[in-house]
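[1] sequence plus the predicted model coming up.
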Amino acid sequence: MRDEVIFKLYANEYYLDYLRKHPKWYFYLDLDPMYFREFERVVKKALKMTTYDRLESLKNQVNFAGAMIKYLASQ
């Protein structure tokens, strides 16, 4: 595996953890470093780290806070 790919993997603990749990990616990353972008996309999607997932989480938190305020105001 090329040094730049290894440095990117060790810079992010989530990537390393995912790689250890899904070793097929060792083959792809060793074959061609251009697969790293695809690897990043798959990791972010699997760990729900995409922008959409973060916005969805924020929306849920706001809805929960609104429901709590509404509940506490009604008492």
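    Structure received. Numbers count the residues shown, from 1 in each chain.
[2] mind listing the helices for the protein?
    For the chain, the helices defined by DSSP state H occupy 3-11, 13-21, 24-31, 35-46, 51-73.
[3] let's have those in JSON lines, adding mean pLDDT and mean neighbour count.
    Bear in mind the C-beta positions are built from the backbone N, C-alpha and C, glycine included. What follows is the helices of the chain, written out as JSON lines (pLDDT from 0 to 100; neighbours: other C-beta atoms under 10 Å):
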{"stretch": "helix 3-11", "mean pLDDT": "94", "mean neighbour count": "12"}
{"stretch": "helix 13-21", "mean pLDDT": "95", "mean neighbour count": "13"}
{"stretch": "helix 24-31", "mean pLDDT": "95", "mean neighbour count": "13"}
{"stretch": "helix 35-46", "mean pLDDT": "95", "mean neighbour count": "15"}
{"stretch": "helix 51-73", "mean pLDDT": "94", "mean neighbour count": "10"}
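[4] ok, now how distant is residue 57 from residue 63?
    Distance from residue 57 to residue 63, counting by C-beta to C-beta, to the nearest Å: 11 Å.
[5] sorry, that was for residue 10
    Taking C-beta to C-beta, one finds residue 10 at 38 Å from residue 63.
[6] kindly report the same for residue 40.
    30 Å.
[7] kindly report the same for residue 28.
    Taking C-beta to C-beta, one finds residue 28 at 39 Å from residue 63.
[8] again with residue 23
    Per C-beta to C-beta, residue 23 is found 39 Å from residue 63.
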